[in-house]
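A.B. asks: pasted the sequence and its predicted model underneath.
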Amino acid sequence: MNFSIGMTILVILWQMVIWIGDYQEALLPSPLSVAKAIIAMIVDGTLFVHLQVSLGRFIAGYLLAVIPAIMLGMLLGRSPRVWQVIDPIVQVLRPVSPVAWSPFIVLWFGIGNMPAIAIIFIAAFFPVLLTTVAGVKKIDRSYLKIAENLEIKNWQLMYKFIFPAAFPSVVSGLRLALGTAWIFLVAGEMIGAQSGLGFLIVDARNMLNLDYVLAGIIFIGVCGFLLDRLISVFEGWVGKHFGMVRG
Amino acid sequence: MSEYMIEVTDVNKSFGNGAKPVHVLDNVSFRVKKGEIVTLFGKSGCGKSTMLNIVGGFERADNGDVMHDGHPVERPTKRCVMLFQQINLLPWRSVIKNVELGLEEEKISAEEKKERVMDALKLVGLEEHLNKFPHELSGGMQQRVAIARALAIQPDVILMDEPFAALDSFNRYNLQNELLRIQEKKKTTIVLVTHDIDEAVYLSDRVMIMSSHPGRIFKEISINQMKPRDRTHGDFQYYRKKILEEFQLSDEQLAPEYNI
């Protein structure tokens, strides 16, 4: 409901800008022509082809980043001395936009799927690593005392206590990474890709089809929105089951 | 094997090093017989929780000996389970999974595990709530689950650090009754830390009154009254008064120090 109201307002504003500013279609396509482009892409199926490719890359890059980031984060969170050394390295690498690495990425990975996956990897890795380390560090001392008391150690301690206790923080990192990685998906697909939503936009721009560019933007936005909704439902569930609820 | 489950001899403990270490425990000695319920009673900051943590192996004494069934305590073990005031359960595990936690690494058959878990849950009256999660339970029920987990391990000693302090008085009374009933059956040795005088009188065979700054055992009072006890009975009031008087004495002794 709120979503429809918000979208309606956005479309009205958009149309108003065109009427008041008297922009031509070639400068700012109208909602109507963009809607036509969207329908055309849905009907001929190009949208789904590109969407599928993009999602595939996205999932690959995201999982490749997230799983090692969580594991590494758990180990580093448990070894404060090592983290003191690693932390500055991470803090130097983290502010660099993944796109800045693109020359190297193309050199090392060529073109095709890999550049996009590599860029998503960089975008997703650091938020998850940092929130996992922070989550592990702030685990309530009581849980660790229980583990000590029950003589639960090493690997058992990791998966029975550390991972679930840090899980709410990990999930907030996953959500952050999901958003960031989705933003960089498009950037990744603008480097040497021949398919995907990012390519769709580059391709439409090259042909000066601005209505298709805007249609692509809308698809990317809507998909990002849906992904975020999905993970926030998950986050809510996790908060309830893994959060600290004291009687 | 001695007749004492716990022997604490001349334990000293200070916190913080450098210019101003705080002397928390000063030559504390006491012994707990097998099957006894002993209370460390004192106001907050008197070092009673620290003492309990040392008995449990969570902290080391600066010097002195802590023996558990004739063996020196070096680290926490399953033989000596601690119940905390607030967080005892893992919120991501159901009731039954929380109780199983202490048995998962034990080398016993699956049937025996199951049996011990169910027995413990029946003892605390939670056999109807096996698959609930801690956040679906009241504070009192959560503490019952924690007690069940301790019982399932079948430890020699249960240490309790104000386990009922966060509960309302009805829940507290209920759980105290149940604890007595269970202890009667299992003969587990219990060391309890509390600042609740009624709890101390109601549950303990012996109350050790601690004075603070530094923490010392000021006076030991045996309660020779049959359990379960009647909270309204004259004898109960007698012990209550006696402990309170001794407690005030323990405080007065310190009064000059405050005046300096």
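C.D. replies: Thanks, I have the structure now.
A.B. asks: in contact with the spatially most central residue of chain A, which residues?
C.D. replies: Nearest residue to the geometric centre of chain A (Cα atoms, centre = their mean): residue A:178, 2.4 Å. By Cβ atoms under 8 Å, 6 or more residues apart in numbering or on different chains, residue A:178 lies in contact with A:62, A:124, A:227, A:228, A:231. Every C-beta, even on glycine, is put in place using the N, C-alpha and C of the backbone.
A.B. asks: of the residues you listed, closest to chain B?
C.D. replies: Nearest to chain B among the contacts of residue A:178, counting by Cβ to the nearest Cβ, is residue A:231 at 18.4 Å.
A.B. asks: the nearest residue to that closest one once chain neighbours are set aside - how many residues pack around it?
C.D. replies: Excluding the flanking residues, the one nearest residue A:231 by Cβ to Cβ, 6 or more residues apart in numbering or on different chains is residue A:175, at 4.9 Å. Using other Cβ atoms under 10 Å in any protein chain shown, residue A:175 is surrounded by 20 other residues.
A.B. asks: that's a strand at residue A:175, yeah?
C.D. replies: No - under DSSP: H, G, I helix; E, B strand; the rest coil, residue A:175 falls outside any strand and is assigned helix.
A.B. asks: buried stuff in the helix or strand harbouring the residue nearest to the centre of chain A?
C.D. replies: Using DSSP states H and E, residue A:178 sits within helix A:163-189. Under the neighbour-count criterion of 16 or more other Cβ atoms under 10 Å in any protein chain shown, helix A:163-189 has A:163-182, A:184-189 buried.
A.B. asks: what is the rounded mean pLDDT of it?
C.D. replies: When pLDDT is averaged over helix A:163-189, the result is 91.
A.B. asks: give the next helix or strand downstream of that helix.
C.D. replies: Using DSSP H and E, the helix or strand that follows helix A:163-189 towards the C-terminus is helix A:197-206.
A.B. asks: what residues does chain B have near chain A?
C.D. replies: Within chain B, the positions adjacent to chain A are B:56, B:58, B:75-78, B:81-82, B:84, B:86-88, B:90-92, B:101-102, B:104-105, B:133-135, B:137-142, B:153, B:166 by Cβ under 8 Å from any Cβ of the partner chain.
A.B. asks: drop anything exposed from the residues you listed.
C.D. replies: With neighbours counted by 16+ other Cβ under 10 Å, those contain buried members at B:56, B:58, B:76-78, B:81-82, B:84, B:86-88, B:90-92, B:101-102, B:133-135, B:137, B:139-142, B:153, B:166.
A.B. asks: angles on the backbone of the residue sitting furthest away from the middle of chain A, please.
C.D. replies: Distance from the C-alpha centroid of chain A, by Cα atoms, centre = their mean, peaks at residue A:149 (39.7 Å). Main-chain dihedrals, residue A:149, degrees, to the nearest 10: phi -60, psi -40.
A.B. asks: give the contact list for it.
C.D. replies: Listed by Cβ under 8 Å, 6+ apart, the contact set of residue A:149 reads B:56, B:58, B:76, B:77, B:78, B:81, B:82.
A.B. asks: in helices, which of the residues you listed fall?
C.D. replies: Members of the contacts of residue A:149 lying in helices (criterion: DSSP state H): residue B:56.
A.B. asks: identify the farthest-apart pair in the contacts of residue A:149.
C.D. replies: Pairwise distances across the contacts of residue A:149 (Cβ to Cβ) peak at 13.6 Å, for the pair B:58 and B:78.
A.B. asks: show me the shaky parts of the stretch 151-260 of chain B.
C.D. replies: Scanning the stretch 151-260 of chain B for pLDDT under 70 picks out the ranges B:252-260.
A.B. asks: strands - which of the buried ones among the residues of chain B next to chain A land there?
C.D. replies: Under the assignment DSSP state E, those contribute B:81, B:82 to strands.
A.B. asks: residue B:221 in helix, strand or coil?
C.D. replies: Criterion first, three-state DSSP; result for residue B:221: strand.
A.B. asks: what's the distance between it and chain A?
C.D. replies: According to Cβ to the nearest Cβ, to the nearest Å, residue B:221 and chain A sit 29 Å apart.
A.B. asks: just give me the neighbour total for that residue.
C.D. replies: 18.
A.B. asks: how about it: what's its closest non-neighbour residue?
C.D. replies: Per Cβ to Cβ, 6+ apart, closest to residue B:221 is residue B:207, 4.9 Å.
A.B. asks: could you do residue A:25 as well?
C.D. replies: That would be residue A:33: by Cβ to Cβ, 6+ apart, it lies 6.3 Å from residue A:25.
A.B. asks: mind checking which helix or strand the one you found is in?
C.D. replies: If you go by DSSP H and E, residue A:33 is part of helix A:31-44.
A.B. asks: number of residues surrounding the closest residue in space to residue B:2 that isn't next to it in sequence?
C.D. replies: The shortest distance from residue B:2 to any non-neighbouring residue, by Cβ to Cβ, 6+ apart, is to residue B:70 (5.3 Å). Look at residue B:70: counted by other Cβ under 10 Å, it has 10 neighbours.
A.B. asks: quick one, phi psi at residue B:70?
C.D. replies: Main-chain dihedrals, residue B:70, degrees, to the nearest 10: phi 90, psi 0.
A.B. asks: just residue B:89 next, same as before
C.D. replies: Dihedral angles of residue B:89 (phi, psi; degrees, to the nearest 10) stand at phi -110, psi 160.
A.B. asks: residues touching the residue lying closest to it once chain neighbours are set aside, list them.
C.D. replies: If the residues on either side of it in the chain are set aside, residue B:89 comes closest to residue B:134, at 4.4 Å by Cβ to Cβ, 6+ apart. If you count contacts by Cβ under 8 Å, 6+ apart, residue B:134 has them with A:245, A:247, B:89, B:90, B:91, B:93, B:95, B:98, B:142, B:145.
A.B. asks: helices - which of those land there?
C.D. replies: Those of those lying in helices (DSSP H): B:95, B:98, B:142, B:145.
A.B. asks: any chance of the residues you listed in JSON lines, with pLDDT and distance to residue A:15 too?
C.D. replies: What follows is those, written out as JSON lines (pLDDT from 0 to 100; distance: Cβ to Cβ, whole Å):
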{"residue": "B:95", "pLDDT": "93", "distance to residue A:15": "58"}
{"residue": "B:98", "pLDDT": "93", "distance to residue A:15": "58"}
{"residue": "B:142", "pLDDT": "91", "distance to residue A:15": "57"}
{"residue": "B:145", "pLDDT": "93", "distance to residue A:15": "60"}
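A.B. asks: the residue nearest to residue B:2 and residue B:10, how far apart?
C.D. replies: Residue B:70 sits 18 Å away from residue B:10, going by Cβ to Cβ, to the nearest Å.
A.B. asks: for residue 206, grab the count of nearby residues.
C.D. replies: Just so you know, I chose chain A. 8.
A.B. asks: should've been chain B
C.D. replies: Burial of residue B:206 is recorded as 18 neighbouring residues (other Cβ under 10 Å).
A.B. asks: likewise residue A:36?
C.D. replies: By other Cβ under 10 Å, the residues close to residue A:36 number 14.
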